[in-house]
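1. Following is a predicted model, sequence given first.
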Amino acid sequence: MRLPRSLSGWTIAVFGVLAASLGVVGLVVPDALITVMGFEPVPEGARADGDHTLVFLTASSMAALNMGVYYVGVALADWKPFFRWTVPFRLLTCAVFTLAVVTGRAPAGFLGVGLWEGLGAVVTGAALLHEKRTAAKSLAA
């Protein structure tokens with residue numbers, strides 16, 4: 001069984017597994033994912049005509065599943081340039097999702113999604129920095 005070869009690879013792999021898992025939940029039990037994000041699920045048959053919530057949830061859940069698989073793949077390949085690219089974009093995602101809550105566009109429970117992205121970005125960034133410093137010390141020795 002292959003495992004990530006670096007600390008930063010592990011941070012990416014964990015994020016990937018979580019993203020893929022949540023994607024599967026959204027595809028199989030959409031109301032569970034809606035509830036986790038702080039939204040009220042609408043009972044079956046009670047959606048208004050033109051309510052495409054489940055379509056968007058299906059699309060984003062499929063994207064999360066795909067993204068999770070990609071993240072696990074690059075973690076196993078230990079592709080550090082990809083790891084570095086994720087940090088600023090995950091911080092941007094954190095900012096956008098947090099702003100959605102602050103401006104009232106999303107419920108407070110959605111803040112967890114932004115914080116998950118932000119914390120993951122910070123942990124990956126810290127792991128990359130640690131690895132860079134460790135490599136520099138071993139070159140200097």
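-> Cool, got the structure.
2. Lowest-scoring secondary structure element of the protein by mean pLDDT?
-> helix 30-36 (a mean of 88; mean pLDDT, DSSP states H and E).
3. And the next helix or strand past that one?
-> helix 53-77 (DSSP states H and E).
4. tally of neighbours for Ala64?
-> As a burial measure, Ala64 scores 21 neighbours (other C-beta atoms under 10 Å). Bear in mind the C-beta positions are built from the backbone N, C-alpha and C, glycine included.
5. Convert the C-alpha atoms of the least confident helix or strand of the chain to CSV, please.
-> C-alpha atoms of helix 30-36 as CSV (Å, rounded to 0.1, in the frame of the first residue of the first chain):
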residue,chain,number,x,y,z
PRO,A,30,-27.8,15.2,0.0
ASP,A,31,-29.9,16.3,3.0
ALA,A,32,-27.1,15.1,5.4
LEU,A,33,-24.6,17.4,3.7
ILE,A,34,-27.1,20.2,3.6
THR,A,35,-27.6,19.9,7.4
VAL,A,36,-23.8,19.7,8.0
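6. Give me the distance from that helix to the chain's centre.
-> The chain centroid and the centroid of helix 30-36 are separated by 16 Å under C-alpha atoms, centre = their mean, to the nearest Å.
7. With stretch 28-38 instead?
-> For stretch 28-38 - counting by C-alpha atoms, centre = their mean - the centre lies 16 Å from the chain centre.
8. Run through who's touching that stretch.
-> 22, 25-26, 40-41, 53-54, 57-58, 61, 106-113 (C-beta atoms under 8 Å, 6 or more residues apart in numbering).
9. let's see it at 10 Å
-> With contact meaning C-beta atoms under 10 Å, 6 or more residues apart in numbering, stretch 28-38 is reached by 22-27, 39-44, 53-54, 57-58, 60-61, 64, 101, 106-113.
10. which of the residues you listed are buried?
-> Among the contacts of stretch 28-38, those buried by neighbour count (16 or more other C-beta atoms under 10 Å) are 22-26, 39, 57, 61, 64, 101, 106, 110-111, 113.
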